[in-house]
Structures are given as C-alpha cells and as structure tokens.
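J.: my questions concern the predicted model and sequence given below.
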Amino acid sequence: MIRLQIDGQTVEVAEGTTVLQAAKQAGVHIPVLCDHPALTSFGSCRLCLVEVEGARTLQPSCTMPVSQNMVIRSKTPAVEATRKFILELIFSERNHFCPFCQLSGGDCELQNAALEHGMTHWPMQPNWNDFPVDASNTFLLLDHNRCILCRRCARACSELVGMDTLGFAERGSATMLTADLGEQWGMSTCISCGTCEQVCPTGAMVNRFSAYQGHKSQAEAVPTVCVGCGVGCQTVVYVRDNRVIRIDGDFDAELNAGVLCREGRFEALLEKGDRVSQPMVRKDGKLVPCSWDEALSAAAAGLKDQPAAWASLRLPAEALATMKALCDAVNAPVAMIEAGVTGPIPPKLGMKVEDKLGSKDGVLSTSEWRGSFTEVYNVHAGANFKAAQAYGLTKEINANGKKSALVALADEIPSEALLDAVKPVGKLVVLASYKSMLTELAEVVLPVATWMEQSGHYVSLTGTVQEGRQLVKPVETVRSSEAALAGLVEKMGCSVKADWQAVLA
Ligand code: SF4
Ligand code: SF4
Ligand code: SF4
C-alpha cells in the first residue's frame, strides 16, 4: 500500500492508483473535464492540476500515479488561479454562450466548473468562429461550437463500445471531432448507442429524445433494467412529472458498464402507436369500451373453448408464471412471442455476453459492420427468454383444432408471423398496451401496462434475475399484465397459484 498526504489528510491506497483516484477516496474534490471514471485517463484538459511537494510545476492528478510519502495540495491559491485561467481559455475558444444551451443550469460540467471557480464573465474577448452543427443522426445532435475537445466521446466509442467511429482531424485550434474520415455522423459507422453523449461533459452532444425536458437534478434517478432484449442491461432512468425523460447506462453495472444500445437508450422512449386505455368487448361486430369485470367475464367465457396461448417475452416473470399456470389449468399450450431487438448491439457488449454464455447459444447473431471489421450483434431473444424457457413455454405450438386463443402481448407491436399463427384459431382474447392489427381481430381486449408502467423481474441470458422497477403510473383503467392475468384466473375459476421464483431457483 502507498501512504500519501492530500490537503493535510493521510490516505493509504493501492499501488498504481492515480492522485485523482486517491483524492476521491479521501473525499477531496478535484475538478475534471477530460477525465471520466469509466475511461482511461488522458490528461488533456489540465483542470485537475495539483501541487506536488518537490515538483517544479503543477501536475495533472488524473495521470500521475501515487508514490510513497507524496504530499499533495489541491486548493492552493496557485492551483485555483491556474484552473480559473484554464477555464477562461476554454471559454474563449468556442461559443459557450450558456443561456442558449439546454444543459445550462446544472447538467453541464464545464459551466459547473466555471461557477465553482468564480467565473462570472469572459475576461478574454471570445474569438468565436462558426463551427458546424451536425444534425444528420436521428438520435443525436453534435454542436461543434460547444465542443471542448476533451475526447471523452471518442474514448468511450473505442474503449467501451468497440466501434471506433469517432476521432479527431487537424491540429491546434483547428482540431475537429470527426466521425470516420469526416463523414456526416448519420452516414457514418455509428450505431447510435449514445454512449458518447452520456460521457460528454458539455452540451456539444445532444440526446434528441431528452433535450429540453429538464435537468437531471429536477428528476428522480431510478436504477432499473432494460427490457429490450435478453442481455438485461442495467440503466438509470430519469423520471420527472410522471414522465421518463432520459435513459442512461449504469456505469457500475458489471455486464454493460454504462453502455446501452439504440433500442435501450432511445427507442424504449417512443410511443408505438395509439394506446389501449380501456377494456373492450366486441358487440355487433364492433369493439366497445366496457368495465374490467365485463371484459374479464367475456374473456373467461371465450377461453372455455379449447384454447391455445401465446405470451410475449417482454412480460415480467410474474406475468409469465401466471400465464403458464393458467394455461396448464385449462390444458392450453403456450408459445413464446419473440420480442428482442433487431438493431445493432455494441460489439464489446455482445462479446461480453458471448464470453459469459460460453457459446453463441442461438440468441446472438453477428454481422460485419460496413466500413469496419468490427462485429455488431443482434439479440433475437426477448428480455425474459430464460424465464419463459424455465416455465416451459415453447418456441412454437401446434394450434390445429384449437377454437380460442389468449395472446398476452406486452407493449410490442405484433409481427406478421404472430398474426398468421393466431388468425385461424378463432375467438381471440388479447392483452396489449397498443392498438394493432391483433387488437382489431380480438373479441376481448384487456389494456395492460408498458415496460415503464409496471414492476417485475427479468432473467437475463446470462442467468441474472433482475428487477424492472415501475417508473410512471398508467391511467387507472390500465392494469399490470400480472394483475390482468390474475383477474382472468379468478374469472375462469381456476385454482392456480403461480410462484414465479420457485421455478427459477
Ligand atoms: S453513438 Fe455509440 S457508436 Fe456512435 S459515435 Fe457514439 S459511442 Fe460511437
Ligand atoms: S463532443 Fe463532448 S465529449 Fe466529445 S470532445 Fe467534444 S466536448 Fe468532449
Ligand atoms: S442490449 Fe438489450 S438489454 Fe441492453 S440496452 Fe440494448 S435492448 Fe436493452
């Protein structure tokens, strides 16, 4: 162990620790801009300079390793004045006119550092040239005017994601962040995972789905799990006024370590169409709103007649277990409805899953990405593929001769294949969050919660049981999938008790 002193405090840390990390352990705050705990240290912004006893000049604490009996001072007048001067230089380089920036007021690390160092104005006449704004990416926007060239984004794309899309061109004040060899971002090899935006300390990178919806400090940060596929990435979701305003990757997560894919970070926030907000039964050929009691009675009556069943792999384990127990009681076979992402999964994340699985296991597929030799992955299994397997759901069922069907969708839109499988069966009871071709065909429609409106458990492909937390409240007439199925169990007079945990143990 190495013993050193930081601002008068004695600390003991492991060999190889940097002065910045040692300071963190001692509870001493040192400001940074280019450094990020999930990335290798780079030492370019110089904001973390400290006095090291015996050294002739101030030293960057993020790259300096600790040594025995070192004495560090992080808040001397010389250190503070140098940091303020560095900030003044950064502010003079490009347009950091904060009132026009959506990060201003709490979420910008550059603005926060400036306020911490007493900057109230630009003492140096700013010499702004106009830099371009790249709006070619559907999910992200890049405003070069706000970029401080800290390189966090490029390091994240390389070290955490494995795409190496971002780099830098030119030198000195002409240095520019680039995608590939100067492509528009939206035309580049970028897979829109958004990891770069999550680590960007300024408003240079903008998440188009979250911009101008409020600061993180105004929202509740809820740790939960993505239900986009069986990888089961851990997330931190920001909720404000019963609305999800942003999804971040959790840097402390063992598997995804801050990284998410396009589906998990952005597309999960999209409404997929018109909501089913009330129970409905078909009367005189038309679906009409009714009470839950009436809809459940109609569903129970319809399913008495030789049922077959399909259940979404986006459903929580609690709902899947209830569904299987109900179907066993009425002798109905249950098939899985696949609902995994078909978009690209970051290569380093896919490789980690493959390593843990010990094989490709038929659920990950790889393809070479254009313009690069990096493999990207697709995950076809839904979030609860493993739980569904454990409960005994099968990929396909023989529905020949069946006269009614129970289809428990979650918040996905049904595929053509599912429609083709279900159509010939007859009387149809559908649990769904969104209106679709399937709800159009149904005799009874039960409105159920989306992934963000209900809690429940998910078993990842690597076998971890994780809790998905309820993030927002649905309207009163919408129930969780588990509650809707429990209501059906009761109406059908089945004496089943589903224990979702027992089978998984
Ligand atoms: S979105 Fe992902 S792949 Fe695209 S540049 Fe950023 S980190 Fe790289
Ligand atoms: S875009 Fe953001 S993270 Fe990337 S270099 Fe510029 S300021 Fe740093
Ligand atoms: S890889 Fe799967 S679990 Fe991870 S963010 Fe993407 S969809 Fe969600």
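T.: Done, it's in. Ligands and ions are numbered 1, 2, ... in the order given.
J.: excluding sequence neighbours, find me the nearest residue to whichever residue of the stretch 1-150 of the chain sits closest to ligand 1.
T.: Using Cβ to the nearest ligand atom, Leu140 is the residue of the stretch 1-150 of the chain that sits closest to ligand 1, at 6.2 Å. Placement of C-beta: from N, CA and C, glycine included. By the measure of Cβ to Cβ, 6 or more residues apart in numbering, the closest residue to Leu140 outside its immediate chain neighbours is Glu197, 5.5 Å from it.
J.: the helix or strand where that neighbour lies packs against which elements?
T.: When elements are assigned from DSSP states H and E, Glu197 belongs to helix 195-199. Using 3 or more Cβ pairs under 8 Å, 6 or more residues apart in numbering; DSSP states H and E as the contact criterion, the secondary-structure elements in contact with helix 195-199 are helix 152-155, strand 205-207, strand 243-249.
J.: flag every residue of this protein that's near ligand 2.
T.: For the chain, the contact set with ligand 2 under Cβ under 6 Å from any ligand atom comprises 147-153, 177, 200-202, 204-205.
J.: any chance of those in JSON lines, plus neighbour count, distance to Met64 and pLDDT?
T.: Written out in JSON lines, the entries for those read as follows (neighbours: other Cβ atoms under 10 Å; distance: Cβ to Cβ, whole Å; pLDDT from 0 to 100):
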{"residue": "Cys147", "neighbour count": "22", "distance to Met64": "26", "pLDDT": "97"}
{"residue": "Ile148", "neighbour count": "21", "distance to Met64": "22", "pLDDT": "96"}
{"residue": "Leu149", "neighbour count": "19", "distance to Met64": "22", "pLDDT": "97"}
{"residue": "Cys150", "neighbour count": "26", "distance to Met64": "18", "pLDDT": "97"}
{"residue": "Arg151", "neighbour count": "20", "distance to Met64": "19", "pLDDT": "97"}
{"residue": "Arg152", "neighbour count": "27", "distance to Met64": "19", "pLDDT": "98"}
{"residue": "Cys153", "neighbour count": "23", "distance to Met64": "24", "pLDDT": "98"}
{"residue": "Leu177", "neighbour count": "22", "distance to Met64": "27", "pLDDT": "98"}
{"residue": "Cys200", "neighbour count": "25", "distance to Met64": "25", "pLDDT": "98"}
{"residue": "Pro201", "neighbour count": "25", "distance to Met64": "21", "pLDDT": "98"}
{"residue": "Thr202", "neighbour count": "24", "distance to Met64": "25", "pLDDT": "98"}
{"residue": "Ala204", "neighbour count": "28", "distance to Met64": "27", "pLDDT": "98"}
{"residue": "Met205", "neighbour count": "25", "distance to Met64": "29", "pLDDT": "98"}
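J.: tally of neighbours for Cys290?
T.: 18 (other Cβ atoms under 10 Å).
J.: find the nearest non-adjacent residue to it, please.
T.: By the measure of Cβ to Cβ, 6+ apart, the closest residue to Cys290 outside its immediate chain neighbours is Val281, 5.1 Å from it.
J.: Three-state assignment for the one you found, please.
T.: When states are read from DSSP: H, G, I helix; E, B strand; the rest coil, the local structure at Val281 comes out as strand.
J.: can you tell me which residues contact it?
T.: For Val281, the set of contacting residues under the criterion of Cβ atoms under 8 Å, 6 or more residues apart in numbering consists of 287-288, 290, 294-295, 298, 443-445.
J.: what's opposite the residue of the stretch 1-150 of the chain closest to ligand 1 in the beta bridge?
T.: Taking DSSP bridges, one finds Asn207 as the beta-bridge partners of Leu140.
J.: burial measure for it, as a count.
T.: Leu140 is surrounded by 24 other residues when neighbours are defined as other Cβ under 10 Å.
J.: and Glu267, by the same measure?
T.: Residue crowding around Glu267 was assessed by other Cβ under 10 Å; the count is 17.
J.: ok, residues contacting the helix or strand containing Leu320?
T.: Leu320 belongs to helix 317-329 when elements are defined using DSSP H and E. Helix 317-329 has contacts (Cβ under 8 Å, 6+ apart) with 307, 309, 311, 315, 332-334, 384, 387-388, 391-393, 406, 408, 456-459, 465, 480-482, 485-486, 488-489, 492, 494-500, 503-504.
J.: and with 6 Å instead?
T.: Contact with helix 317-329 is made by 309, 311, 334, 384, 387-388, 391, 408, 456-457, 481-482, 485-486, 489, 494, 496, 498, 500, as judged by Cβ atoms under 6 Å, 6 or more residues apart in numbering.
J.: the residue sitting furthest away from the middle of the chain and Lys216, how far apart?
T.: Each residue of the chain has a distance to the centre, and by Cα atoms, centre = their mean the biggest one is for Gly54: 46.2 Å. For Gly54, the distance to Lys216 equals 41 Å [Cβ to Cβ, to the nearest Å].
J.: got the buried residues for the longest helix seen in the chain?
T.: As assigned by DSSP state H, the longest helix anywhere in the chain is helix 77-93. The neighbour-count check on helix 77-93 (16 or more other Cβ atoms under 10 Å) flags 79, 82-84, 86-88, 90-91, 93 as buried.
J.: ditto for stretch 15-29
T.: By neighbour count, and taking 16+ other Cβ under 10 Å as the criterion, the buried residues in stretch 15-29 are 17-24, 26, 28.
J.: burial measure for Gln466, as a count.
T.: 17.
J.: can you give me the helices for this structure?
T.: Chain-ordered helices for the chain, with DSSP H as the definition, fall at 19-25, 77-93, 109-116, 152-155, 195-199, 262-265, 292-302, 317-329, 347-357, 385-391, 416-422, 437-441, 481-491, 500-504.
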